[in-house]
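[1] what follows is a predicted structure for the sequence shown.
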Number of protein chains: 2
Amino acid sequence: NPQLNPTTSEPPTPPTDHRALAQTHHLFITSPYSPGSPLLLPNGAYVFQKLQAFLRAQYPQFGFQEVITPTIYKKSLWETSGHWDNYAEDMFSVQGRGAMGQTQNAETGQDEEFGLKPMNCPGHCLLFRDEIKSYRDLPIRYADFSALHRNEISGALTGLTRVRRFHQDDAHIFCRPDQILQEIEQTLKFVGMVYDTFGLGPYKLLLSTRPVDHFIGTISEWDKAEAQLTTALNNSGREWALNEGDGAFYGPKIDIILKDSHGKEHQTATIQLDFQLPQRFNLQYQASPDELSSLPSEAPSSEDAALEPGNRRPVIVHRAIYGSLERFMALLIEHYAGNYPFWLSPRPAIVLALNQDPETLSHVAYIQSVLSGMESVETSEEARVQAPSTGEPVPPKPRPQKLNTIHLPIDADTTARPIGKKIAEAQMKKYNHIVVVGPKEVKSRSMTLEVVNQPHGGATEEVLVKILGRGLESGERK
Amino acid sequence: NPQLNPTTSEPPTPPTDHRALAQTHHLFITSPYSPGSPLLLPNGAYVFQKLQAFLRAQYPQFGFQEVITPTIYKKSLWETSGHWDNYAEDMFSVQGRGAMGQTQNAETGQDEEFGLKPMNCPGHCLLFRDEIKSYRDLPIRYADFSALHRNEISGALTGLTRVRRFHQDDAHIFCRPDQILQEIEQTLKFVGMVYDTFGLGPYKLLLSTRPVDHFIGTISEWDKAEAQLTTALNNSGREWALNEGDGAFYGPKIDIILKDSHGKEHQTATIQLDFQLPQRFNLQYQASPDELSSLPSEAPSSEDAALEPGNRRPVIVHRAIYGSLERFMALLIEHYAGNYPFWLSPRPAIVLALNQDPETLSHVAYIQSVLSGMESVETSEEARVQAPSTGEPVPPKPRPQKLNTIHLPIDADTTARPIGKKIAEAQMKKYNHIVVVGPKEVKSRSMTLEVVNQPHGGATEEVLVKILGRGLESGERK
Ligand SMILES: [Zn+2]
Ligand SMILES: [Zn+2]
């Protein structure tokens, strides 16, 4: 799309800020009671959950399994992980306000304070330590959408981009050292698939390698890992660059730098190798026969004295595709400038009543229900006799809706205003589809559909036909 | 089901504890680093998310809209809501560990501590205050699955039933006083539908009314609210009882008391009216013409001096159907005793290889992929030429999976062990379906299916046929 990625030398127009665009769609509010923790309104929560659902739908084919882990852990966990000391400025501490020091049946460290988690990794290490025994169990890939907290200074807080509470599409891959190549290749494919879906890009990949001075593990371990990362990058078919010596002391990494439609660069996804956490948590697995027959120089380094005989340490890959979901949402808000693709849109369609006739209003309600994906409800005798004391018509008895139905938030405008006004308002509110229902549609049991905002991408058209199409077989379509 | 609800006078056998049953399925672990915050393993997270997805699928027909709200709020919010003083023993406080007192661009109350939320209501009041203006916007129903924290003493912590961190299927209905009846009726229907789906019950409903001494609001307000609750209970067709004078000082409530298959009673769902929070947060809406023409005795009480002319206070209904998802999970674990219905089962099916022939293993992989709901992947030339440097076969290029596909966690056992051993192990692990693949199945491109655990309920059979049935058109079925 040449329009999205101008190659001319003219300075690109800066995008409308995501906070202003978000107001049009009522996506979120902020509050002085929760600085840095935006409150997502129904429309914002809808977009957030679509992003989450999209990624979740991809997890099985990439072998990720979701887990649900605590929000607060005892200080001693963060001391083990190193966060308590190295991340102090960014962490929140948590304490019970009630009576402490109660000792009967008390837990170890009863009075110990907690840390509010800034990252999921230590919790995932606990899962690994309890569950994983052998090389046959690897790789294991834990995904986690938990809320995370980092104490940014208040002056820096902005909308969805600089926050204190956020959610990552976080995952940790625990693998054998010889599985790095395959895991990184798959992760790069995952990144490509996701960014293609949203029409984002171009992006470049940046490999940061072993620092000269301060690093853990052996040079041989680093060399092998970096060789696998390099191969994966070469095989990706994407542009990539080397940031020599710029890796963290605990492992090399690949950053994904996304250029938005206005030329601004965003660091979104990251793939970070980690040789350190497995040591700190003393994670080990029973080595494979191949590993056991490896040369002495391949044997565990001296730092790994805690390894039991025949065991090896896994490598951890921290990876996020969206990065922060909040920040990714902000990026998409500006990317789409309010014209969301149909499947992601908090306003996929609105049904407008042409007049106030009861038949029209009833057909509006019917169309709204069909488009929203609601399964037909019972209107049985049983349901009607349930309310003998009131003279009111009783709402039909609810029926369980299927789990694989996608319900769309379809709005209706039945106010007594001229249809031109209603259409103008619906266009301003950027509904993807505007459906008008009047006497003609009532008569033919159909609807007149205006596609206002073109959906983006191929997957969307499929959704459009399949989902919006339900019940419309007999309807008109423009 | 007479077996589940014995009417004999014999003492029922106590159920196996949920913690023991949960071990069979690897549902969760606990850790001394996070007492009261269990870590859900992939299987536990799967069940948790199915419960969540089921309720989410029902929300549109009941008019609930999900929101996403902060985990920590400034102390002053909890002072406004009354929790800071009245709930002190149960609350956790939160403080930034970094340098505080920084004043440049500082937020109000920069150094103020935070409270870790024990309830969602105050956050929802903030949403109401920002978004809702008129009687026409009511009722508004905010649903929220946020993690909540309450500081139970450590001696009381048990598995999933007594925890410090939990999730409610929480919702707050903000409505006009004259909308209480309809909202309560719908909520009771919702409760019935959900409990029927899980085969839970019988349950009884318990109405707690205005305390004699200490209450807020006028007696007329209480009388009208209680009359609507009574009508709703009568219309429900369910057994209910009166707990006179046992309501909270801020409003009457309905408790749902569930009797489990072993005769033990559980308090699960609650429907709590609240006249207080709307006052504390000074929530108001522009009254309807009907409300404005009401008699003087119906006018706002003296406590409502903060109301602007022509405005009224909404009533809040706090409601949860499952209650705590963790506790509900524990209840279901014992209810099903490990034999989960298919749609909820973390082990819906396993595919066993009869031998180690490459054709068999390849067909096992195919069957596993079909049953899991994976859409076919590309195996194009393009995908194959992507890896020029390695001689290895390249995994096919991933394709975006649709959002409305239900992916099942289908396992496979391809170990070189006798088939009898594999079947016995699969039965012990309580897979719903055991699929055996050998030369016969390879030849006919089919599978042999054993249904081990009967699914519960009608919805499940539908799922079974539709979901498990995909790709099986040509397959054998026992
Ligand atoms: Zn991590
Ligand atoms: Zn509440």
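    Thanks, I have the structure now. Numbering: from 1, shown residues only, chains lettered A, B, ... in the order given. Ligands and ions are numbered 1, 2, ... in the order given.
[2] make it CA atoms for all contacts and neighbour counts henceforth
    OK.
[3] low-confidence ranges, chain A, go.
    A:1-13, A:99-110, A:295-304, A:375-397, A:404, A:445-478 (pLDDT under 70).
[4] tell me which element the residue in the stretch 201-350 of chain A positioned nearest to ligand 1 falls in.
    Using Cα to the ion, the closest approach of the stretch 201-350 of chain A to ligand 1 is made by A:H318 at 4.5 Å. Under the criterion of DSSP states H and E, A:H318 resides in strand A:315-324.
[5] A:L206 now?
    Counting by DSSP H and E, A:L206 is part of strand A:203-208.
[6] name the helices or strands packed onto the helix or strand where A:E79 lies?
    Using DSSP H and E, A:E79 falls within helix A:75-81. With contacts taken as 3 or more Cα pairs under 8 Å, 6 or more residues apart in numbering or on different chains; DSSP states H and E, helix A:75-81 sits against helix A:83-86, strand A:114-116, helix A:121-131, helix A:277-280.
[7] direction included, what does the shortest one pair against?
    In the sheet containing strand A:114-116, the strands it pairs with under DSSP bridges are strand A:72-74 (antiparallel), strand A:92-96 (antiparallel).
[8] nearest to ligand 1: which residue in the stretch 101-250 of chain A?
    Taking Cα to the ion, the stretch 101-250 of chain A has A:C121 as its residue nearest ligand 1, at 4.2 Å.
[9] quick revisit: need the contact partners of the helix holding A:E79.
    Helix A:75-81 has contacts (Cα atoms under 8 Å, 6 or more residues apart in numbering or on different chains) with A:84-85, A:112-115, A:122, A:277, A:280-281, B:33.
[10] that helix vs ligand 1: in contact?
    No: using Cα under 5 Å from the ion, helix A:75-81 never reaches ligand 1; the gap is at least 10.8 Å.
[11] quick one: buried residues of that helix?
    Residues of helix A:75-81 classed as buried by neighbour count (16 or more other Cα atoms under 10 Å in any protein chain shown): A:75-78, A:81.
[12] can you check stretch A:126-145 too?
    A:126-129, A:132-133, A:135, A:138-145.
[13] do the same with stretch A:79-88
    A:81-84, A:88.
[14] got TSV for the buried residues of helix A:75-81, with distance to ligand 2 too?
    Formatted as TSV, those follow (distance: Cα to the ion, whole Å):
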residue	distance to ligand 2
A:K75	30
A:S76	33
A:L77	32
A:W78	32
A:S81	36
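[15] residues in contact with the host helix or strand of A:V351?
    Per DSSP H and E, A:V351 falls inside strand A:349-353. For strand A:349-353, contacts defined as Cα under 8 Å, 6+ apart pick out A:360-361, A:364, A:367-368, A:409-415, A:419, A:422-423, A:426, A:431-438.
[16] counting by contacts, list what the helix or strand that it is followed by packs against.
    Using DSSP H and E, the next helix or strand after strand A:349-353 towards the C-terminus is helix A:358-372. Using 3+ Cα pairs under 8 Å, 6+ apart, the elements in contact with helix A:358-372 are strand A:349-353, strand A:411-413, strand A:433-437, helix A:439-444.
[17] just these: most buried one?
    When those are scored by mean count of other Cα atoms under 10 Å in any protein chain shown, the highest mean neighbour count falls to strand A:349-353 (a mean of 26).
[18] that one pairs with which strands, and in what direction?
    Applying DSSP bridges, strand A:349-353 is found paired with strand A:411-413 (parallel), strand A:433-437 (parallel).
[19] so which bits of the next helix-or-strand element following the shortest one are buried?
    Downstream of strand A:411-413, the next assigned helix or strand under DSSP H and E is helix A:419-428. Within helix A:419-428, the residues that qualify as buried are A:419, A:422-423, A:426-427, counting by 16+ other Cα under 10 Å.
[20] wait, which of those is closest to B:L160?
    Using Cα to Cα, A:A426 is the member of the buried residues of helix A:419-428 that lies nearest B:L160, at 47.0 Å.
[21] with distance to A:G310 and mean neighbour count added, can I get the strands paired with strand A:114-116 in CSV?
    Rendered in CSV, the data for the strands paired with strand A:114-116 read as follows (distance: least, Cα to Cα, whole Å; neighbours: other Cα atoms under 10 Å in any protein chain shown):
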stretch, distance to A:G310, mean neighbour count
strand A:72-74, 32, 24
strand A:92-96, 39, 23
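[22] can you redo the ones you listed as JSON lines with distance to ligand 1?
    JSON lines is the format used below for these (distance: least, Cα to the ion, whole Å):
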{"stretch": "strand A:72-74", "distance to ligand 1": "15"}
{"stretch": "strand A:92-96", "distance to ligand 1": "18"}
